[in-house]
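A.B. asks: Quick one, fold the following:
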Amino acid sequence: MSTTEIKQAWHTLDKKLIRNERVTDQNLRNAYRTVNSIGLFGVYREKILLHYNRKLLQDIIPVFVLPFSQYSLDENAVQCLRNAVSNLNTNLQPFVSTFTLMDNVCECADALVERALSQLQAAVVLHLPNSNLPTQFWKDCLNEIGFYSRSQDLHKISTLSCLTETISTLSKLGIYDRVLKDALIVALHVKLREHIHAVAANVFDHSFIEEFKSFIEHNIRYFLKLAFEESIQESFLEAVNQQLNYILYFEFGQLRIEELFRIIVEYPESTPALEDLKTSISEVDQRGFLITSLKNSMRRRLLHPGANTTDILTQYINSLRALSLLDGYLIGPICQPLRRYLRGRDDTVRCIMASLTDEGDGSELSHELHVQHPLSLDSSYVSDDDDDWENWNPLPRDADPDGRRGLDVISTLVNIYGGKELFVKEYRTILADRLLSNYSFDTAKEIRYLELLKLRFGGEQQMNLCEIMLKDIGNSRRINELINSEWSDTYPKPNFPIQAMILSSQYWPPFKEDKLKVSKEIEEVLSNYRSLYESSKGMRTIEWLPNLGVVDVEISLEGGRKESLSLTTTQASALLYMEKKPRCSVEELANELNVSMSSIRRRLGVLLASGLIHEVEQGILEVCEEGPSMASNCQEQESFVEEAQPEIHNDGEQERYLQYVKAMLTNLNALGIDRIYSMIKMFSDPTTGTLISQAELEKLLKSKVADGILVYSGGMYKLPNK
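C.D. replies: So this is what the prediction gives:
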């Protein structure tokens with residue numbers, strides 16, 4: 001073979017492969033054979049690959065990656081990526097077709113097409129920038145095509161055509177994984193999260209796990225089959241399915257954890273949501289996030305002065321039940337702040353015992369009392385030290401998932417204080433209040449509760465005292481029947497019926513002492529009752545506590561109208577005195593009834609509010625013959641206040657009002673500005689200074705909140721916890 005023929009063959013190859021000029025396939029094959037016959041084909045192959053690599057890096061790849069680096073969200077991602085892939089394929093096509101022809105002419109184990117595609121893949125990996133374009137491409141495709149439609153007209157949608165064409169081209173070039181694979185999972189993640197939130201957010205009475213798994217298995221799989229056409233492999237679908245199931249448990253778990261506070265509030269109606277969350281955290285462990293999130297929600301929404309103790313207890317009880325269903329080990333770390341906060345509230349024990357013995361709809365604990373479990377006391381609940389790591393021991397592997405704290409709600413509440421003594425003592429006080437306000441002398445319900453409490457708390461001494469208190473009520477009913485049948489000429493029957501509760505003083509809690517002075521008519525009736533009691537009981541006598549009584553009165557008003565009211569003995573005595581003297585001062589009334597100024601002002605508040613009496617000027621009261629009229633009374637009170645609102649200028653008066661407010665908050669825990677001001681008007685003494693206006697009072701209280709002396713939350717003022 002001559003040198004001229006070799007040069008001609010070499011020139012033909014350069015003409016086609018280097019300069020991209022037109023050469024017939026026959027001439028190209030002859031040139032391949034000539035160069036290959038003298039053993040120079042390997043040299044020329046390296047030359048052409050070097051040329052291809054230079055063109056690839058200098059011209060083809062920069063054009064391909066430019067849309068990725070310059071993409072903005074206002075562009076059409078589907079068309080943008082499709083054009084980029086189409087241009088890449090067009091620029092590569094001359095090389096690919098020529099390399100294919102060379103591989104066909106000269107069989108070689110190291111095929112040119114494979115090496116060219118390997119160089120392309122390496123260049124894409126090296127130069128393709130991070131971009132939102134691939135992810136947005138999938139998102140736009142998902143939005144256009146959707147998961148739900150199974151119409152036979154889907155192939156007519158241009159987006160689907162662009163999608164399948166782009167995937168097919170990238171797959172043939174071997175760069176699909178680098179360009180679109182990860183973006184597919186990201187886009188599906190976003191769409192699945194949006195679907196979860198759209199369907200399940202704020203819906204707690206329905207389980208969604210299986211519904212979402214079916215959505216992945218059918219709807220998303222259907223979309224993938226449309227996108228990849230016949231080229232999709234079952235192994236790929238299974239891999240995507242596994243990833244999406246992980247995303248499902250993670251995202252659904254995140255959603256339910258963020259909603260867990262509300263889920264607990266709505267328990268037990270929200271049990272399906274708890275079951276879904278239990279499944280989610282068992283598949284993807286998010287317990288750490290759950291504990292942190294729920295504790296923060298409770299601190300922000302519950303553990304503050306504006307929250308009612310009853311509401312906190314209700315949430316605590318629901319938390320115990322809900323978390324036991326979810327994972328018993330979560331109770332300790334989540335409920336510890338709740339226990340500590342409840343232990344710091346003054347009325348917690350009273351609220352617990354009131355709920356235990358209340359059959360109303362609002363009671364969370366009444367039905368728990370009927371469950372026959374002895375108390376399980378655990379002093380570790382009292383400790384505020386969560387860092388005793390040196391003495392910590394892990395629970396055994398076969399331990400009860402509900403842990404040593406169990407599901408006995410009453411025992412858990414008692415363990416907040418480490419013992420039952422406070423609860424038994426508080427129950428005695430509650431029982432006394434209930435018995436003294438129960439004028440029907442019916443103790444059947446209280447006897448039943450006492451027996452249930454004795455089964456729970458044991459036969460403590462305080463429980464024995466409660467039994468005696470209940471016996472006193474029963475004995476009082478019999479004594480009243482006996483004495484009311486023994487009125488005689490010596491002890492004439494009174495003009496009004498009288499019922500007495502005769503209490504064994506040593507067995508009842510101490511009573512508030514208020515030496516109320518009743519009228520002579522009532523005093524005579526009480527004295528006669530005492531004499532009849534002494535004659536029937538021998539060595540026993542009774543000491544009256546008139547301030548604890550209740551009087552049913554009928555008031556005759558102008559126009560022949562009559563009003564029936566149930567008043568305390570102090571209120572009834574005040575009305576009886578003002579019947580004789582319709583206009584009097586508060587000081588005169590207090591002296592006549594032998595009660596303090598503050599006490600008489602507090603007790604007259606109901607009469608003032610009802611319109612039976614009104615304050616014609618500061619400290620002067622007058623009977624209102626027209627009778628109860630809330631609207632007219634309020635108008636008169638407001639007009640009087642507006643006429644007497646001089647400004648206060650000295651610090652001494654401000655300090656006096658602040659002390660009033662502190663005393664109110666000490667006794668009543670939390671009050672709004674309207675309630676505080678109405679009480680100040682009632683209790684203030686006009687001789688000690690001017691009356692503060694409500695605007696000035698609010699300004700004063702806000703300044704004390706800023707100084708840390710008071711706490712303001714939820715429209716209520718409260719003293720800070722010490």
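A.B. asks: Just give me the longest helix of this protein.
C.D. replies: Longest among the helix segments of the chain by residue count, using DSSP state H, is helix 77-105.
A.B. asks: And the next helix or strand past that helix?
C.D. replies: Per DSSP states H and E, the first helix or strand lying C-terminal to helix 77-105 is helix 112-127.
A.B. asks: so how far is stretch 173-180 from its chain's centroid?
C.D. replies: 46 Å (CA atoms, centre = their mean, to the nearest Å).
A.B. asks: now that stretch: mean pLDDT?
C.D. replies: For stretch 173-180, the mean per-residue pLDDT is 90.
A.B. asks: end to end, how far does that stretch reach?
C.D. replies: This stretch, stretch 173-180, spans 13 Å end to end (CA to CA, to the nearest Å).
A.B. asks: for it, which positions count as buried?
C.D. replies: Within stretch 173-180, the residues scored as buried using 16 or more other CB atoms under 10 Å are 173, 175-176, 179-180. Every C-beta, even on glycine, is put in place using the N, C-alpha and C of the backbone.
A.B. asks: Next, the residues that contact it from outside, please.
C.D. replies: Defining contact as CB atoms under 8 Å, 6 or more residues apart in numbering, one finds that stretch 173-180 is touched by 85, 88-89, 92, 117-118, 120-121, 124-125, 128, 134, 137-138, 166-167, 170.
A.B. asks: Can you tell me which of those residues are buried?
C.D. replies: 85, 88-89, 92, 117, 120, 124, 128, 134, 137-138, 166-167, 170.
A.B. asks: nearest to Ile613, of the residues you listed?
C.D. replies: Trp138 (78.5 Å; CB to CB).
A.B. asks: So which of the buried residues of stretch 173-180 belong to helices?
C.D. replies: 173, 176.
A.B. asks: starting at the chain centroid, how far to the longest helix of the chain?
C.D. replies: In terms of CA atoms, centre = their mean, the centre of helix 77-105 is found 58 Å from the chain centre.
A.B. asks: Which strands and helices lie in contact with it?
C.D. replies: helix 25-37, helix 41-55, helix 61-70, helix 112-127, helix 133-145, helix 158-173 (3 or more CB pairs under 8 Å, 6 or more residues apart in numbering; DSSP states H and E).
A.B. asks: Any idea how far the fifth one is from the middle of the chain?
C.D. replies: Mean-position distance between helix 133-145 and its chain equals 36 Å (CA atoms, centre = their mean).
A.B. asks: report the angle between the axes of it and helix 158-173?
C.D. replies: 140 degrees (axes from the mean of the first three to the mean of the last three CA atoms, to 10 degrees).
A.B. asks: Identify all contacting residues around helix 133-145.
C.D. replies: By CB under 8 Å, 6+ apart, the surrounding residues in contact with helix 133-145 are 67-68, 71, 73, 76-78, 80-81, 154, 157, 159-160, 162-163, 166, 179-180, 182-184, 186-188, 190-191, 223, 226-227.
A.B. asks: try the shortest one
C.D. replies: Applying CB under 8 Å, 6+ apart, the set of residues contacting helix 61-70 from outside is 80-81, 83-84, 87-88, 91, 123-124, 127-129, 131, 133-134.
A.B. asks: so where's the stretch 301-450 of the chain shaky on pLDDT?
C.D. replies: Low-confidence segments of the stretch 301-450 of the chain, defined by pLDDT under 70: 359-364, 371-407.
A.B. asks: in it, which spans are helices?
C.D. replies: In the stretch 301-450 of the chain, the segments counted as helices under DSSP state H, counting those that start in this stretch are 309-326, 331-343, 348-356, 366-369, 409-414, 421-436, 444-457.
A.B. asks: CA-only coordinates of the longest one in PDB, if you can.
C.D. replies: Just to be clear, that refers to helix 309-326. Coordinates of each C-alpha in helix 309-326 appear next as PDB, following Å, rounded to 0.1, in the frame of the first residue of the first chain:
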ATOM      1  CA  THR A 309     -55.500  25.200  87.100                       C
ATOM      2  CA  THR A 310     -58.400  23.000  86.000                       C
ATOM      3  CA  ASP A 311     -57.400  23.400  82.400                       C
ATOM      4  CA  ILE A 312     -53.800  22.500  83.200                       C
ATOM      5  CA  LEU A 313     -55.000  19.400  85.100                       C
ATOM      6  CA  THR A 314     -57.200  18.300  82.300                       C
ATOM      7  CA  GLN A 315     -54.300  18.600  79.800                       C
ATOM      8  CA  TYR A 316     -52.000  16.700  82.200                       C
ATOM      9  CA  ILE A 317     -54.500  13.900  82.500                       C
ATOM     10  CA  ASN A 318     -55.000  13.800  78.800                       C
ATOM     11  CA  SER A 319     -51.300  13.800  78.300                       C
ATOM     12  CA  LEU A 320     -50.900  10.800  80.600                       C
ATOM     13  CA  ARG A 321     -53.500   8.800  78.700                       C
ATOM     14  CA  ALA A 322     -52.400   9.900  75.200                       C
ATOM     15  CA  LEU A 323     -48.700   9.400  75.800                       C
ATOM     16  CA  SER A 324     -49.300   6.000  77.400                       C
ATOM     17  CA  LEU A 325     -51.000   5.000  74.100                       C
ATOM     18  CA  LEU A 326     -48.200   6.500  72.100                       C
END
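A.B. asks: same for that helix, what does it pack against?
C.D. replies: helix 260-265, helix 271-283, helix 331-343, helix 348-356, helix 409-414.
A.B. asks: so how far is the second one off the chain centroid?
C.D. replies: Just to be clear, that refers to helix 271-283. 17 Å.
A.B. asks: ok, now which ones touch Met501?
C.D. replies: 435-436, 472-473, 476.
A.B. asks: got the residue ranges for the helices in the stretch 551-700 of the chain?
C.D. replies: 569-580, 586-593, 597-610, 630-643, 651-668, 673-683, 694-706.
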